[in-house]
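Chemist: Got a predicted model here, sequence first, then my questions.
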Amino acid sequence: MPFRSSRLAATVLVLVSASAGAASAQAASGESACLALGQLQVPGVVLSDVTARWFAAGSPPPPEPPWVPALTTPLPAYCLLSATVDPRRGADGKRYGIGFALALPAEWDGRFLFQGGGGLNGSVAPPLGRTGRGETALSRGFAVVSTDTGHRGEAFDASFMADQQASLDFAYQAVGRVAVLAKQILAVHYGKPAAHSYFMGCSTGGREGMLMAERYPTYFDGIVVGAPAMRTSFSGIGDEWVATMLNRVAPLDASGHPDAARAFSDSDRKAVIDGLLAACDGADGLRDGIVSDPIGCRFDPASLRCADRKGEACISALQAEALAKAFAGPKDSKGRQVYPGFLFDTGITATQGIPGLLAGSMNPVGPRFTATEMDVDARAERAAADAQMQLTTTWTWTKLNTFSSRGGKLLFYHGVSDPWFSALDTVDYYERMTSANGGATAVTAWSRLFLVPGMGHCGGGPATLDTFDMLGAVVDWVEGQQRPQAIRATGKSWPGRSRPLCPYPSHAQYKGTGDVEDAASFECR
């Protein structure tokens, strides 16, 4: 059943616009009904900068960052409503307010999607609802909303955190407010509430998806969480640990600092990947350049040590030791794991997009790491005392029985080669969540986790199938009660190839017969 409440229904009835009920008196798909939203007023809500624009079917997509893949399907006719909620001046004199944009398709299928953000947000992304297949939720008939979560700035500009309300909005309040407001608006515009509501996001958007399941358990029917930025202070320790270990064997740059990106040469990185594939590629019954069972992979960098002189097909003993320590993750002086290690996978040498761990070991939000020693105890203490992280973290809370008992469905996915957030941290959360909610049999009835071999942070990688439709999978589960036993994945790394993404802890296994390029020749074991 869709999630509704008497409070929402009552609020919808008092929502007004300059068209005085235009949504019920005329076709909501028309341009006039769209433009009427430019005079939108909501009792009890202060709005500013309200604009409404009509886009005819086939209009060019709005500008997006250059790394965003081009759309493969045209956009439908839609209305784009933009506004700011609660505009104000902060204590620092800067302008604040929760900006949002809501895309209302001319032909609405009754579904609503909240599109998660990225980085530290700070801008309102085009509310298209990209599905991961080159098309959009908007083109499927969804109404889609996005938000800047209460501040304006560059993706990793954290200056807004000096303002109390802006910090609260980013942490959790903005997504809750925009979800309610967007539902109110579309209910009046179309003359009926959403039949089903969904949330989908990756990285920060993944954290926001977890927020919805944890803090707003009645708002959404289905949630897709990708590579969640659950506790960035601790993931930063993981990234710094890897760089510190690699810095110990890295050459110095012109300023005399170790350059972790050069700790392994191109031939060294090839030797690592070749050794990894030799150890783990064939475990799924087929040598195809994919490590389908990364959890079960047992790769020891020591196996690649040169027996004598350093050559192109081997690495030095010091490099092997650094690599093993780096991927094992940081532990404190008492031997406690502070942040999970990273899985060995084909994307760890990626040089395109966000570099893999062996190609960059970069700091996501600051200058590169150059130290060769690390006080893990001190770093862990600082992370635990980080008030902003305490406010934003979604890693701790695991009790989701309100969400699940109302029929909510929750899908997680994470790239195995993600260099910013370890897939093992998401595995850890999923296992703790499973334990807290009745065990695997109970939890797999409403939640699944999918690990994506070779994929980096939210996508990309030199040897990965990173094109898949998680939104379609959660819709089928919510509305058709079709549990996602496997999700078909393709990608530009191998044109014409498909594989099943399998729910954790299973993996794709070749059946022994059939087309080796076809997902149908594989099963989840």
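Modeler: Sure, I can see it.

Chemist: Distance-wise, check residue 35 relative to residue 79.
Modeler: Applying CB to CB, to the nearest Å, the value for residue 35 to residue 79 is 8 Å. C-beta coordinates here come from the backbone N, C-alpha and C atoms, glycine included.

Chemist: Neighbour count for the two, which is higher?
Modeler: Per other CB atoms under 10 Å, whichever of residue 35 and residue 79 has more neighbours is residue 79, with 25 against 17.

Chemist: what's the distance between residue 213 and residue 400?
Modeler: 6 Å.

Chemist: Pull up the overlap in contacts between the two.
Modeler: 408, 410 (CB atoms under 8 Å, 6 or more residues apart in numbering).

Chemist: Between those two, which has more neighbouring residues?
Modeler: residue 213 (24 against 20).

Chemist: I figured the more buried one was touching residue 408, is that so?
Modeler: Yes: between residue 213 and residue 408 there is a contact under CB atoms under 8 Å: 6.9 Å.

Chemist: who touches both of the two?
Modeler: Common neighbours of residue 213 and residue 408 (CB under 8 Å, 6+ apart) are 220, 223, 400.

Chemist: residues touching residue 425, list them.
Modeler: 230-231, 235, 339-340, 395.

Chemist: next structured bit after the helix or strand containing residue 242?
Modeler: Using DSSP states H and E, residue 242 sits in helix 232-247. Using DSSP H and E, the helix or strand that follows helix 232-247 in sequence is helix 266-280.

Chemist: Let's verify residue 364: helix, strand, or coil?
Modeler: coil (DSSP: H, G, I helix; E, B strand; the rest coil).

Chemist: what about stretch 468-486, distance to the chain center?
Modeler: Distance, stretch centre to chain centre, for stretch 468-486: 18 Å (CA atoms, centre = their mean, to the nearest Å).

Chemist: do the same with stretch 100-114
Modeler: 21 Å.

Chemist: in that stretch, what counts as buried?
Modeler: 100-106, 108, 111-114 (16 or more other CB atoms under 10 Å).

Chemist: swap in stretch 291-298?
Modeler: 291-294, 297.

Chemist: do the same with stretch 473-491
Modeler: So, applying 16+ other CB under 10 Å, buried residues of stretch 473-491: 473-478, 484, 486-491.

Chemist: from those residues, which two are the most distant?
Modeler: Longest distance between any two of those is 26.2 Å, between 478 and 491; criterion CB to CB.

Chemist: roughly how far apart are the closest residue to residue 283 other than its chain neighbours and residue 423?
Modeler: Closest residue to residue 283 apart from its sequence neighbours, by CB to CB, 6 or more residues apart in numbering: residue 293 at 5.4 Å. Residue 293 sits 13 Å away from residue 423, taking CB to CB as the criterion.

Chemist: same thing with residue 455?
Modeler: Residue 455 is 9 Å from residue 423, by CB to CB.

Chemist: Looking at these two, which is more packed in?
Modeler: residue 455 (33 against 26).

Chemist: burial of the nearest residue to the more buried one once chain neighbours are set aside, as a residue count?
Modeler: What sits nearest to residue 455 in space, not counting adjacent residues and going by CB to CB, 6+ apart, is residue 415, at 3.1 Å. Residues contacting residue 415 under the criterion other CB under 10 Å number 28.

Chemist: ok, residue 415 touching residue 227?
Modeler: Yes: under the criterion of CB under 8 Å, residue 415 makes contact with residue 227 at 6.3 Å.

Chemist: Tell me the residues that contact both of the two, please.
Modeler: Joint contacts of residue 415 and residue 227 (CB under 8 Å, 6+ apart) are 423, 457-458.

Chemist: Which of these fall in helices?
Modeler: residue 423 (DSSP state H).

Chemist: tell me which of the shared contacts of residue 415 and residue 227 is nearest to residue 369?
Modeler: Of those, the one sitting nearest to residue 369 (CB to CB) turns out to be residue 457, at 17.4 Å.
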